[in-house]
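S.K.: Whatever this is, show me its structure:
(chains A, B, C and D)
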Protein chains: 2
Amino acid sequence: MQALREPHGHDVATRQEPGRTARSIATDALAEDDALHLPGRISSFARGNEIYAEGSAMDHLYRVVSGAVRICKVMADGRRQIVEFSVAGDTFGLDGLAAHGFSAEAITATTLVCYPRRQLEEAVRQGGRVARLVERMTLNRLVAAQNCIVMLGRKTAQERVASFLLEMCQRTTLANAGVLMLPMSRYDIADHLGLTVETVSRVLGALRREGAIALADAHNLRVLDRGRLRALSEDRV
Amino acid sequence: MQALREPHGHDVATRQEPGRTARSIATDALAEDDALHLPGRISSFARGNEIYAEGSAMDHLYRVVSGAVRICKVMADGRRQIVEFSVAGDTFGLDGLAAHGFSAEAITATTLVCYPRRQLEEAVRQGGRVARLVERMTLNRLVAAQNCIVMLGRKTAQERVASFLLEMCQRTTLANAGVLMLPMSRYDIADHLGLTVETVSRVLGALRREGAIALADAHNLRVLDRGRLRALSEDRV
DNA sequence: CGTTCTTTTGAGACTTATCAAGGATAGTGG
DNA sequence: CCACTATCCTTGATAAGTCTCAAAAGAACG
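M.R.: Numbers count the residues shown, from 1 in each chain, chains lettered A, B, ... in the order given. Model (predicted):
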């Protein structure tokens, strides 16, 4: 059983950066989104802060402008599962029926555009482009979630890490020299892949030793042998 | 690593009932669906037959009238993951972008209503009730998939089986005397929970011995101690 | 510049998978 | 209708992958 642990004496359930108040540097402004063409409010969150809590009212759709977000659930005993990461360009916020089924937290300093759900539903009721966009968006996330299910249900630790790296390569714009910047910690990666930090670290170490990847530091890596990762990932990413 | 196996000499990838032609007893008729109010065609499938294949054109939405369906993906080496079961009242069929990302197979003799996707998209474009229904439907499935992710990522074998039993209790109408009828095999359950047949069988045996459930036969069980299952499942179903 | 958190690495334990085999079940064919 | 046969289900013994516990080096932050 994947145990709850308190690495060096702090609680897993509240594993986040110290000494910040919630929504500490939230700034508000208005924005017109390219894709949705709906009025939205700009909002910023500091690293580690909660964007919404599990069980709170689900009244906004969010789009990530910059930064990264984790959507997760924490079980009663502290075990955590991150169901998805949202990076620049991704949308999130519709993850329940009436209330949020998951919580959302900023991984790094993050800027979002928030769309009131009421206006969104009104747009859906009206039909047209927005209705199809929202439908398409939700379907995209469903497909992603189902691929995640395959990964968690049937892949080994090595295959999960390989899949994850390839997915992140696709979803983020690589820095010059093809460097992949991973904003999240090893803990976050572990809690997304259904593994422990130690296993994630060991697998990354093994991939480095066999020359599949190169690690500049913990958060910046380069894929040297994409074929090797694709062979491991077992799907055609 | 969860290996492919050929239990008693038949291939895992084609594990289905023998001596049937595809879509053998498919019958067609017209129907007006209560919920969608769209014209649909009635179609039937014999036990074990494929409804659609991974990679085929995604041009219908299906609603289960009777029977049960598994939505799954089979990896190159035969490992299989069932991402969801669909029972009477459930809809399925939208599981990819252009093409199906998964395959669908009838678990037992199954009757479906099929709605052409073109008409559905036209209805979404028009907006109104159907647009919101489709959106709500997809969102429901996304939430279910994300809960499945939590289960696969962070729950023990016992917790997974308990969660599964409770979920099936909620989703199917129990027979008289509160008997839960599970149409799928232990193999199907295992491939849905990310376990092996043996582990599923062992956990069910343990739950039976401790008095949480009673097994009439392999496919008919009664929940005796729901509190125990809920404690194990770790979520509030 | 100390403190806290993160990352890595090692040794051992444990859950679940694998291999094996007998018994139960359900369609199949005579 | 009953025996046949393929598949499914269960149980046991062993193996393996990953987790747990422990500790030290490295990075981030105030």
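S.K.: Name the nearest residue to the most centrally placed residue in chain A, sequence neighbours excluded.
M.R.: Residue closest to the average C-alpha location in chain A (C-alpha atoms, centre = their mean): A:Phe85, at 0.7 Å. Closest residue in space to A:Phe85, ignoring its immediate chain neighbours: A:Arg70 at 5.8 Å, by C-beta to C-beta, 6 or more residues apart in numbering or on different chains. All C-beta atoms are positioned from the backbone trio N, CA, C, and that covers glycine.
S.K.: same thing with A:Ala57?
M.R.: Here the nearest residue to A:Ala57 in space, its sequence neighbours aside, is A:Ala99; by C-beta to C-beta, 6+ apart that works out to 6.2 Å.
S.K.: State the distance from the one you found to chain B.
M.R.: As for A:Ala99, its distance to chain B is 11 Å (criterion: C-beta to the nearest C-beta, to the nearest Å).
S.K.: What's the per-residue pLDDT of A:Asn176 here?
M.R.: Here, the pLDDT recorded for A:Asn176 equals 81.
S.K.: burial count for it?
M.R.: 5 (other C-beta atoms under 10 Å in any protein chain shown).
S.K.: Could you name the helices and strands sitting against the longest helix along chain A?
M.R.: Ordering each helix of chain A by length in residues (DSSP state H) puts helix A:129-154 first. Secondary-structure packing of helix A:129-154 (3 or more C-beta pairs under 8 Å, 6 or more residues apart in numbering or on different chains; DSSP states H and E): strand A:80-87, helix A:117-126, helix A:157-171, strand B:80-87, helix B:117-126, helix B:129-154, helix B:186-193.
S.K.: nearest to A:Met151, of those?
M.R.: For A:Met151, the closest of those is helix A:157-171, at 5.5 Å, according to C-beta to C-beta.
S.K.: And the contacts of the next helix or strand after the closest one?
M.R.: Proceeding N to C from helix A:157-171, the next assigned helix or strand is strand A:179-181, under DSSP states H and E. Here strand A:179-181 makes contact (C-beta atoms under 8 Å, 6 or more residues apart in numbering or on different chains) with A:165, A:168-169, A:172, A:174-175, A:216, A:219-223.
S.K.: Just the buried ones from those?
M.R.: By neighbour count, with 16 or more other C-beta atoms under 10 Å in any protein chain shown, the contacts of strand A:179-181 hold A:165, A:168-169, A:172, A:221, A:223 as buried.
S.K.: rewinding a little: so the residue nearest to the centre of chain A sits right up against A:Leu193, yeah?
M.R.: No - under the criterion of C-beta atoms under 8 Å, A:Phe85 makes no contact with A:Leu193, lying 11.1 Å away.
S.K.: before we move on, the earlier item: how much space between the residue nearest to the centre of chain A and B:Met168?
M.R.: Look at A:Phe85 and B:Met168: by C-beta to C-beta, to the nearest Å, they are 31 Å apart.
S.K.: How about A:Thr196?
M.R.: Relative to B:Met168, and taking C-beta to C-beta, A:Thr196 is found at 30 Å.
S.K.: Check A:Val223 too.
M.R.: As for A:Val223, its distance to B:Met168 is 42 Å (criterion: C-beta to C-beta).
S.K.: Are stretch A:230-237 and DNA strand C in contact anywhere?
M.R.: No - judged by C-beta under 7 Å from any atom of the strand, stretch A:230-237 stays clear of DNA strand C, getting no closer than 14.1 Å.
S.K.: Domain-wise, how is chain A divided?
M.R.: Domain assignment for chain A by automatic domain parsing gives A:4-152, A:155-233.
S.K.: These: lowest mean pLDDT?
M.R.: domain A:4-152 (a mean of 83).
S.K.: A:Ala144: neighbouring residues, count only.
M.R.: Residues near A:Ala144, counting by other C-beta under 10 Å, number 18.
S.K.: How about the contacts made by the closest residue to it other than its chain neighbours?
M.R.: Once flanking residues are discounted, A:Ala144 sits nearest to A:Glu84: 6.8 Å by C-beta to C-beta, 6+ apart. Applying C-beta under 8 Å, 6+ apart, we find A:Glu84 in contact with A:70-71, A:92, A:141, A:144-145, A:148, A:192, B:146.
S.K.: Let me have those in TSV, adding distance to DNA strand D as columns.
M.R.: Listed next are these as TSV, based on distance: C-beta to the nearest atom of the strand, whole Å:
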residue	distance to DNA strand D
A:Arg70	16
A:Ile71	20
A:Phe92	23
A:Arg141	25
A:Ala144	21
A:Ala145	20
A:Cys148	15
A:His192	12
B:Gln146	19
